[in-house]
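> Any chance you could fold what I've pasted below:
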Amino acid sequence: MRRSLLMMMMMAAASLAWGQQGSFKPPVGPAPKMADGKPDFSGVWDRPYVPDMSKSRPNQIGEPELPFTEWGMSEWKNYHAEEGDYTGACLPFGTVRSMNSPMPVQFVQNGKYMSMNFEVDNWFQIVPIDGREHRKSGPLWSGDSVGHWEGDTLVIDTVNFNGRTKLDTIGHPHSDQLHVVQRFTRTDLGHISHEITIDDPKTYTKPWKNTRIFTLRPDWEIMEYSCEENNKSLWEGRIKVPKY
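Numbers count the residues shown, from 1 in each chain. So this is what the prediction gives:
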């Protein structure tokens, strides 16, 4: 019941946002290139809101459940957002949940870095895309990301998560063994094909993936989003502090 109500609310919000796009048509033309000949992903992008990653396509019904391990299924069944979802306390969404969020993202790119600036909570992630190895550091909320090129596809590989986030709004779990691979392909001027693979042997028995299409919005700019300001539900105790 809890998840059904949550999903209805999120789908209604997503439908409203979609309706507000009106008659917008994405720009047409070939994918732009950087000076080094690599595709340029810079711009403000609209993305499908993905509150439930068990759906391989937006609004799909009847999708089989994710391939949980015993530990993963226990985490899934015992998650209750009303008992303290971390985002209600303004903690970082994490890489995957940020990418699944309903608000736009702005990519800023040069030959060495890709900056992913999410409107949701104003989170950002700066990813080196020059083929370097992962850094050695402690566990991170968003993990450690590095990128490399496979032809015209930018592959971003992320490891070293702290295991404290969820993959999506509905609460699909992951552990600190999570390994995320994202593949960005700019198919034309107005679109990016985004494929994300979830590999977490503690939580899932095999890797699985989603593929979505991002749409360029040259008429949009990222807005300020302050989770902390006027978060009365947290300060007055209606949102519980998450437990780890």
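
> hey, let's count contacts and neighbours off CA atoms from now on
OK.

> ok, now which ones touch the residue nearest the centre of the chain?
Closest to where the C-alpha atoms of the chain average out (Cα atoms, centre = their mean) is M99, at 1.6 Å. Residues near M99 by Cα atoms under 8 Å, 6 or more residues apart in numbering: F118.

> partners of T215 in the sheet?
Listed by DSSP bridges, the beta-bridge partners for T215 are D46, H191.

> So I198 is in contact with W208, correct?
Yes: the pair formed by I198 and W208 meets the contact definition of Cα atoms under 8 Å, at 5.4 Å.

> Output the below-cut-off pLDDT ranges for the protein.
Along the chain, the parts satisfying pLDDT under 70 run over 1-22, 56-64, 230-232, 234-235, 239, 241, 243-244.

> Break down it into its helices, ranges please.
In the chain, the segments counted as helices under DSSP state H are 2-19, 70-77, 95-99, 232-235.

> Please say which of I198 and W208 ends up with more neighbours.
I198 (19 against 16; other Cα atoms under 10 Å).

> Quick check: the gap between the more buried one and P173.
Applying Cα to Cα, to the nearest Å, the value for I198 to P173 is 11 Å.

> before we move on, what about P26?
Here the criterion is Cα to Cα. By it, P26 lies 34 Å from P173.

> next one: L66
In terms of Cα to Cα, L66 sits 11 Å off from P173.

> Neighbour count for these two, which is higher?
Taking other Cα under 10 Å, L66 and P173 do not tie; P173 has more neighbours (24 against 18).

> how deep is the nearest residue to Y49 once chain neighbours are set aside tucked in, by neighbour count?
Closest residue to Y49 apart from its sequence neighbours, by Cα to Cα, 6 or more residues apart in numbering: P102 at 4.4 Å. If you count neighbours by other Cα under 10 Å, P102 ends up with 21.
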